[in-house]
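> next come a sequence and a model predicted from it.
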Amino acid sequence: MLRAARSCPQCGSSSVVQDDLYAESQLVCQDCGSVVSEGLLVTDTGAGTEDVRYSHSTAQSKVPCRNLIKGLQRVRALCRILRLSYDVEELAEVYFRQAYTHASFIHVTLAKKEALVGCCVLVSCRLRNWPLALGTISGLVETDPALVGGVFKQLEKVLDVEVPKSSITYVLEAHSREYKLSSAHVPEELAETSADLAKRAVALVELATDSWIVTGRHPVPIMMAAIFLSWQSLRPTKTRLRYSLNKFCRLSHMPLNKTAAQRVGEMREVLCRLGQEIPWLSGGAPDDVALHVEDILQHRHALLREALRTHEVSQRAEEEESQGAEEEEGGSRGTEGESRGTEGESRGTEGESRGTEGESRGTEGESLGAQEDRRGTQEEIQGNGIQPSTVDPPPRAPGHQPDGTDSPPEPCTLKAVNGDPEEGGGETQGTQEQRPAVHWGKRAMFAPPCARHAKVCRTDASRWAEVNGDEEISDSEIDSYIRRPQEVRDYLQTQQQLLAATEDQECSGKK
């Protein structure tokens with residue numbers, strides 16, 4: 001270690017003083033002005049100087065470990081994916097540094113550290129009123145939700161922060177307070193407390209979740225529909241049942257959401273289907289379903305199972321009936337085809353008898369004409385000096401027989417190929433046209449909205465009936481796949497190179 005100099009090495013003067021320049025202390029000679037020492041790690045005491053340790057004197061921080069650097073990069077990446085603001089990202093980094101160096105997270109597995117990254121982002125989002133769910137974070141970090149939940153609770157204790165809860169219960173409670181339905185705003189018959197409305201609305205939303213109504217939908221219309229149905233079902237009087245959603249919104253001083261009317265209809269439909277399974281009821285209609293909402297919500301799990309079982313039984317019965325009807329129609333069509341076939345055979349025999357008479361008369365005339373033609377040809381051949389044996393016989397017609405009679409043309413099978421209704425192949429085509437393809441979401445009792453309202457694109461199956469994938473591809477078809485001029489030039493150049501290579505191999509083989 002260096003010690004403070006008592007004399008100047010330049011001029012030898014002993015007037016050396018300490019000059020504090022900004023944050024750095026220096027020893028300067030007063031006579032010549034030269035700097036005797038700069039940045040010495042010493043302490044100036046009255047009795048002399050003492051050595052100082054490097055760890056105590058330096059302000060340089062330690063280099064962060066590799067996992068901490070990767071964790072900070074992961075925090076920034078998650079914030080970029082979620083499109084969070086810079087404030088949320090900076091807060092998440094601060095929380096991750098504090099939690100990483102804590103004794104609870106310093107010696108843990110990599111999976112838990114990955115969950116810690118997501119939990120720091122979740123805490124910072126909740127503190128900045130950004131609605132982020134725990135399932136979203138667990139999906140982004142690809143970790144078990146149970147592990148993420150445990151790390152989240154432990155992080156709250158380590159950071160000593162109170163994270164605001166984000167749940168459908170809290171959201172519905174806040175939403176129900178916006179409706180002016182207290183006794184101070186509406187008559188006593190129409191008044192309800194926000195706590196009772198929120199409690200019944202939460203149960204209705206849970207039922208809507210089980211029946212796939214909430215999937216992919218905006219939350220505000222669903223909450224408005226749940227509040228309206230809960231208001232009607234808490235005290236289902238005639239006055240309340242007459243109220244529509246529009247009139248209810250005007251009563252509670254809330255702006256009407258146009259989509260909420262559709263959600264009300266969907267929830268009522270589900271309630272009616274479950275009400276039909278209640279043993280002590282004859283069935284729930286859309287008008288009086290509000291009278292039985294309490295019973296439906298109390299036994300909703302058992303009613304859901306029973307409704308699905310009843311739906312499956314009814315579908316099987318419909319399929320059996322449709323199959324029986326198809327078999328009966330096929331049998332009736334077969335008898336009609338047989339009767340038509342017998343009539344055609346009788347008409348065909350009459351036509352054949354008439355055709356044989358005409359053929360007999362035609363053969364007589366043909367025989368006479370053939371004899372005259374033979375005589376003329378023999379005279380021409382003899383006059384030209386050509387022997388009869390060297391003359392080739394005239395070409396025969398496609399249906400001409402050696403005995404001079406023409407064979408009848410082969411029957412055309414176009415109807416059988418295309419599926420004539422009277423033939424066997426046409427029956428399947430007719431049944432396919434009568435029974436169009438139905439999406440599975442329309443047959444299911446409860447399905448997501450994207451499957452329930454899916455549009456089925458019809459395709460012509462006969463267009464690809466003869467395609468099996470083993471067909472040969474011609475050179476002209478390959479050429480048609482090449483579109484750009486550069487590809488054509490590359491193709492021709494490759495062919496020339498292959499041709500030259502084969503010629504070289506042949507020449508080397510001959511040598």
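Perfect, I can see it now.
> what's the domain layout of this structure?
Residue ranges for the domains of the chain, per automatic domain parsing: 16-57, 66-165, 170-306.
> which of those sits closest to Q496?
The stretch from the domains of the chain with the least distance to Q496 (C-beta to C-beta) is domain 66-165; that distance is 51.4 Å. C-beta here means a position set from N, CA and C on the backbone, and glycine is covered the same way.
> quick one: end-to-end length of the closest one, please.
Domain 66-165 has an end-to-end distance of 33 Å (criterion: C-alpha to C-alpha, to the nearest Å).
> pLDDT (mean, whole number) over that domain?
Per-residue pLDDT values over domain 66-165 give a mean of 88.
> what's the following helix or strand after whichever strand or helix holds E206?
In this assignment (DSSP states H and E), E206 forms part of helix 194-210. Once helix 194-210 ends, the next helix or strand along the chain (criterion: DSSP H and E) is helix 219-234.
> what residues of that following helix count as buried?
Neighbour counts over helix 219-234 (16 or more other C-beta atoms under 10 Å) mark 221-234 as buried.
> so which elements touch the helix holding E206?
helix 168-176, helix 219-234, helix 260-275, helix 293-298, helix 300-384 (3 or more C-beta pairs under 8 Å, 6 or more residues apart in numbering; DSSP states H and E).
> name the residues that touch that helix?
168-169, 172-173, 175-177, 179, 181-182, 214, 222-223, 226-227, 229-231, 233-234, 263, 266-267, 270-271, 293, 296-297, 300, 304, 446 (C-beta atoms under 8 Å, 6 or more residues apart in numbering).
> which of those residues are buried? Put it as a PyMOL command.
The buried residues among the contacts of helix 194-210 can be selected in PyMOL (16+ other C-beta under 10 Å) with this line:
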select buried, resi 168+172+173+175+176+179+181+214+222+223+226+227+229+230+231+233+234+263+266+267+270+271+293+296+297+300+304+446
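> export the domains of the chain to CSV and tack on distance to E328?
Shown next, in CSV, are these (distance: least, C-beta to C-beta, whole Å):
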stretch, distance to E328
domain 16-57, 97
domain 66-165, 53
domain 170-306, 32
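> which stretch among those domains comes nearest P9?
domain 16-57 (7.0 Å).
> circling back to that earlier point, compute the inter-axis angle for the helix holding E206 and helix 219-234.
Here helix 194-210 runs at an angle of 120 degrees relative to helix 219-234 (axes from the mean of the first three to the mean of the last three C-alpha atoms, to 10 degrees).
> what average pLDDT does helix 194-210 get?
Per-residue pLDDT over helix 194-210 has a mean of 92.
> kindly calculate the angle that that helix makes with helix 168-176.
Per the same axes, to 10 degrees, the angle that helix 194-210 makes with helix 168-176 is 130 degrees.
> buried residues in helix 194-210, which are they?
Counting neighbours by 16+ other C-beta under 10 Å, one finds that the buried residues in helix 194-210 are 194, 197-205, 207-208.
> where does the prediction get shaky in the stretch 401-511 of the chain?
In the predicted model of the stretch 401-511 of the chain, residues 401-438, 455-467, 469, 478-483, 510-511 satisfy pLDDT under 70.
> for M445, which non-adjacent residue is spatially closest?
Leaving out its chain neighbours, the residue that sits closest to M445 by C-beta to C-beta, 6 or more residues apart in numbering is H311, at 4.2 Å.
> thought that neighbour was touching R443?
No - under the criterion of C-beta atoms under 8 Å, H311 makes no contact with R443, lying 9.2 Å away.
> neighbour count winner among these two?
Shown here are H311 and R443; by other C-beta atoms under 10 Å, H311 has more neighbours (15 against 11).
> what about that one, distance to W280?
According to C-beta to C-beta, to the nearest Å, H311 stands 21 Å off from W280.
> and for L245?
Looking at L245 against W280, where the rule is C-beta to C-beta, the gap reads 29 Å.
> higher neighbour count, the two?
Neighbours per residue, other C-beta under 10 Å: of L245 and W280, the larger number sits with L245, 19 against 6.
> what's the pLDDT at that one?
The model reports L245 with a pLDDT of 94.
> so who does it touch?
Counting by C-beta under 8 Å, 6+ apart, L245 makes contact with 224-225, 228, 256, 260-261, 264.
> V151 too?
Contacts of V151 were listed using C-beta under 8 Å, 6+ apart, and they are 112, 115-116, 119.
> and those residues, which of them are in helices?
When DSSP state H is applied, these are split such that 112, 115-116, 119 fall in helices.
> which of the residues you listed has the most neighbours?
In terms of neighbour count, C119 stands highest of the ones in helices among the contacts of V151 at 31 neighbours, by other C-beta under 10 Å.
> that older thread, what's the closest of the domains of the chain to D504?
The closest approach between D504 and any of the domains of the chain, judged by C-beta to C-beta, belongs to domain 66-165 at 56.1 Å.
> about what we covered before: and the contacts of L245 as a markdown table, adding pLDDT and distance to C450?
Output for the contacts of L245, formatted as a markdown table (pLDDT from 0 to 100; distance: C-beta to C-beta, whole Å):
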| residue | pLDDT | distance to C450 |
| --- | --- | --- |
| M224 | 94 | 22 |
| A225 | 95 | 19 |
| F228 | 95 | 25 |
| L256 | 92 | 26 |
| A260 | 94 | 20 |
| A261 | 94 | 20 |
| V264 | 94 | 20 |
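> which of these lies closest to V94?
Out of these, the member with the shortest distance to V94 (by C-beta to C-beta) is M224, at 39.2 Å.
> and that closest one, what does it touch?
Applying C-beta under 8 Å, 6+ apart, one finds that M224 lies in contact with 245, 249, 254, 257, 260, 263.
> recalculate using a threshold of 7 Å.
Residues in contact with M224, defined by C-beta atoms under 7 Å, 6 or more residues apart in numbering, are 257, 260.
> roughly how far apart are it and G265?
Applying C-beta to C-beta, one obtains 13 Å for the distance of M224 from G265.
> please apply the same query to T101.
56 Å.
> same check on I473?
Applying C-beta to C-beta, the value for I473 to G265 is 55 Å.
> neighbour count for those two, which is higher?
When I473 is set against G265 and neighbours are counted by other C-beta under 10 Å, the residue ahead is G265, at 13 against 8.
> give me the pLDDT value at the more buried one.
According to the model's per-residue confidence, G265 sits at a pLDDT of 92.
> again, but for A47
At A47, the predicted lDDT confidence score is 45.
> before we move on, what about R53?
Confidence at R53, expressed as pLDDT, is 57.
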